[in-house]
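K.L.:
Could you look at this predicted model? Sequence included:
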Amino acid sequence: MDVSPAWHRDAPAPPVRVVHLGLGAFARAHLLTYTQDADAQLPPEQRWGVAGFTGRSPRAAADLAAQDGRYTVVERGPDGDTMRVVDALVEVHDGADGARWRSLLSRPAVGVLSLTVTEAGYRRTSTGALDLEDADVRDDVALLRRLVADGDGHGTAPAATTAPGRVLDGLRARRAAGGGPLAVVGLDNLPDNGDALRRVVLELADAVDRDLARWLQVHVAFVSSMVDRITPATTPADRAAVELATGRADRAPVVTEPFREWVLSGRFPAGRPAWDAAGARFVADLAPYEHRKLWLLNAGHSLLAYAGPPRGAATVAEAFADPALRDRLEELWREACDVLPLIPTELDDALADLRERFANARIEHRLEQIARDGSQKLPVRVLDVARARRAAGLPVGDAGAAVLADWALHLRAGGAATDPGAADLAARLGAADPEATAALVVHALAPDLADDTALLAAVAGAVADRHALTSS
Ligand SMILES: NC(=O)c1ccc[n+]([C@@H]2O[C@H](COP(=O)([O-])OP(=O)(O)OC[C@H]3O[C@@H](n4cnc5c(N)ncnc54)[C@H](O)[C@@H]3O)[C@@H](O)[C@H]2O)c1
Ligand SMILES: O=P(O)(O)OC[C@@H](O)[C@@H](O)[C@H](O)[C@H](O)CO
């Protein structure tokens, strides 16, 4: 594809050493800025160039290819914007390009495979296992069995469909080519995302070829990471603002907040960018960091996403400015802090940051975006807190229970249209009474808590309160 002269590089592109799946807004605002900053002091040939593949639609690849992978990151603070061009993305491809995917992942020089494919992209059941009943997963099993049987290293075969399928296909090609060990890094909002990936990829490998599964266990390190940077979907107004400020039409800018955080845990057997030089932290125990992020920021987002729209709010900042929602949010945060094993000052600092970040009205983070796929998000944002409170012998958190009630109402109002994982539940909710609604919701999201009478009563009570409000 012809690259517009406005986007020509000033220096040669670095070699590909990271392959990334999921070229969404977040990867562009987070992984790629950390990688660029990590490489800043190195000559081009020693840098870690990133090859990006789209997860589903080819659109982001087409937009970015026209700019040689370069794009503008707008850091939008409460008082103004700063803009920078990111150069770390050196190749962009449609994820359906199986041949290029296999070829890059076969190279010994590629040391990292990273992913941002959304929570739903892991294709897990409610127990965290790979959903082997999923039709796309079944198709991937058949494709991968054929490829293993053919001994096809790169080939012209079509790409796998699912993210676990693509990861396994790339690793299969790497093994066939003798490409050596590799680190696979998760950057989605899931606790222990590296382990979640390991599980679905290994379960898929078991279904495809046991030898391949054994090779993975020895040669592939799955790295978990907690990632944080609020990055809404880019709007036409964002693109217009970038063109006005830079004089250059950008088809793929991202708008993000100034704040960013990355904490990783795991091994990198084939090296990695010096992300620590850019502020990332490497720790032995990631759990407290990811719980802090998921139980405070992400759970808070979900609360606002389901409770905000019925009160007229469309964005995080609008919902955060509503005193009633703000009270509920502070209560939700107290319930989570009760079971977060961090020192009080660290929690206070995180909450102070969150209050500032949620209040940033210049970041237009739409609640409808956050509300999608609640069936995948609420288990790790809200139900894990309920579990932790139960294990600690603490009373059920009413603010957490109320999020589940609001979600049930959101599904009844058509929310399952953007949450395929909740379609069955939404069909069963119908006109169920509060007790039946609570039982259905808790059973769908956390079967292990289905006998928790206190939780069921709290959710039913919150549903009844909402019914009373709408019928009064
Ligand atoms: N946006 C944020 O503020 C933010 C912050 C922290 C973490 N994250 C994580 O990053 C993920 C992506 O966020 P985003 O803002 O880039 O979203 P986005 O909608 O811009 O991009 C989503 C990406 O995931 C891919 N994808 C979607 N569904 C998929 C599927 N079923 N299989 C494979 N790939 C799939 C898409 O192709 C796209 O590349 C989030 O779901 C979250 O887990 C986002
Ligand atoms: O990106 P999602 O869809 O997993 O969730 C929406 C938000 O809660 C989330 O993106 C946050 O903005 C993000 O996790 C901040 O780091």
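P.N.:
Alright, I've got the coordinates. Not measured: the values here are computed from a predicted model. Ligands and ions are numbered 1, 2, ... in the order given.
K.L.:
what's near enough to touch residue 289?
P.N.:
Each residue near residue 289 by CB atoms under 8 Å, 6 or more residues apart in numbering is listed here: 226, 263, 283. Every residue, glycine included, has its C-beta placed from N, CA and C.
K.L.:
Please repeat the previous calculation with a cut-off of 10 Å.
P.N.:
For residue 289, the contacting residues are 224-226, 228, 261-265, 281, 283, 342, 346, 350, by CB atoms under 10 Å, 6 or more residues apart in numbering.
K.L.:
and of those residues, the nearest to residue 123?
P.N.:
Nearest to residue 123 among the contacts of residue 289: residue 224, at 18.2 Å, using CB to CB.
K.L.:
ok, then the element right after the strand or helix carrying the closest one?
P.N.:
Counting by DSSP states H and E, the element that carries residue 224 is strand 220-228. Secondary structure here is assigned by DSSP H and E; on that basis, the next helix or strand after strand 220-228 toward the C-terminus is helix 236-246.
K.L.:
what residues does the stretch 1-150 of the chain put near ligand 2?
P.N.:
Within reach of ligand 2 by CB under 6 Å from any ligand atom, the stretch 1-150 of the chain has these residues: residue 119.
K.L.:
shaky segments in the stretch 1-150 of the chain?
P.N.:
Within the stretch 1-150 of the chain, the segments meeting pLDDT under 70 span 1.
K.L.:
just the stretch 351-472 of the chain next, same as before
P.N.:
Low-confidence segments of the stretch 351-472 of the chain (pLDDT under 70): 472.
K.L.:
mind running it again at 80?
P.N.:
Low-confidence segments of the stretch 351-472 of the chain, defined by pLDDT under 80: 469-472.
K.L.:
and of the contacts of residue 289, the nearest to ligand 1?
P.N.:
residue 228 (6.1 Å; CB to the nearest ligand atom).
K.L.:
What is the nearest of the contacts of residue 289 to ligand 2?
P.N.:
residue 228 (4.0 Å).
K.L.:
how far out from the middle of the chain is the strand holding residue 224?
P.N.:
12 Å (CA atoms, centre = their mean, to the nearest Å).
K.L.:
Pairing partners for that strand, with directions?
P.N.:
Strands adjacent to strand 220-228 in the sheet, as given by DSSP bridges, are strand 182-186 (parallel), strand 261-265 (antiparallel).
K.L.:
Now it: average pLDDT?
P.N.:
Confidence over strand 220-228, taken as the mean pLDDT, stands at 98.
K.L.:
and the residue of the stretch 301-450 of the chain found nearest ligand 2, what helix or strand is that in?
P.N.:
Relative to ligand 2, the nearest point of the stretch 301-450 of the chain is residue 301 (3.5 Å; CB to the nearest ligand atom). For residue 301, the enclosing helix or strand under DSSP H and E is helix 299-307.
K.L.:
who touches whatever helix or strand comes next after that helix?
P.N.:
Past helix 299-307, heading to the C-terminal end, the next element that is a helix or strand (DSSP H and E) is helix 316-320. By CB under 10 Å, 6+ apart, the residues outside helix 316-320 that reach it are 78, 230, 232, 300-301, 303-309, 311-313, 325-326, 329, 354-355, 357-367, 369-370.
K.L.:
Can you go through the residues you listed and name the buried ones?
P.N.:
Buried residues within those, counting neighbours by 16 or more other CB atoms under 10 Å: 230, 232, 300-301, 303-309, 313, 325-326, 329, 354, 357-358, 360, 363-365, 367, 370.
K.L.:
and ligand 1, which of these reach it?
P.N.:
Among the buried ones among the contacts of helix 316-320, the ones lying near ligand 1 by CB under 6 Å from any ligand atom are residue 230.
K.L.:
just to revisit the earlier point, distance of the residue of the stretch 301-450 of the chain closest to ligand 2 from residue 323?
P.N.:
Here the criterion is CB to CB, to the nearest Å. By it, residue 301 lies 18 Å from residue 323.
K.L.:
Verify the stated contact: the residue of the stretch 301-450 of the chain closest to ligand 2 with residue 382.
P.N.:
No: using CB atoms under 10 Å, residue 301 is not in contact with residue 382; the gap is 11.1 Å.
K.L.:
Over to the residue most central in space within the chain. Which of the three states is it?
P.N.:
Taking CA atoms, centre = their mean, the centroid of the chain lies closest to residue 188, which sits 2.8 Å from it. Per DSSP: H, G, I helix; E, B strand; the rest coil, the secondary structure class of residue 188 is coil.
K.L.:
ok now do it, which residues does it touch?
P.N.:
Contacts here follow CB under 10 Å, 6+ apart; on that basis residue 188 touches 22, 26, 115-122, 163, 196-197, 225, 227, 376.
K.L.:
what's the distance between residue 407 and residue 162?
P.N.:
26 Å.
K.L.:
Have a look at the two and say which one is more surrounded.
P.N.:
Just comparing residue 407 and residue 162: by other CB atoms under 10 Å the higher neighbour count belongs to residue 407, 28 against 24.
K.L.:
could you say what helices and strands the host helix or strand of the more buried one packs with?
P.N.:
With elements delineated by DSSP H and E, residue 407 resides in helix 398-412, which encompasses its position. Under the contact definition 3 or more CB pairs under 10 Å, 6 or more residues apart in numbering; DSSP states H and E, helix 398-412 sits against helix 299-307, helix 323-337, helix 367-371, helix 374-378, helix 384-391, helix 423-429, helix 434-445, helix 453-471.
K.L.:
JSON lines please, covering those and showing distance to residue 46.
P.N.:
Written out in JSON lines, the entries for the helices and strands packed on helix 398-412 read as follows (distance: least, CB to CB, whole Å):
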{"stretch": "helix 299-307", "distance to residue 46": "38"}
{"stretch": "helix 323-337", "distance to residue 46": "42"}
{"stretch": "helix 367-371", "distance to residue 46": "38"}
{"stretch": "helix 374-378", "distance to residue 46": "39"}
{"stretch": "helix 384-391", "distance to residue 46": "41"}
{"stretch": "helix 423-429", "distance to residue 46": "49"}
{"stretch": "helix 434-445", "distance to residue 46": "47"}
{"stretch": "helix 453-471", "distance to residue 46": "54"}
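K.L.:
Kindly state which of these is positioned closest to residue 139.
P.N.:
Among those, the nearest to residue 139 by CB to CB is helix 423-429 (20.1 Å).
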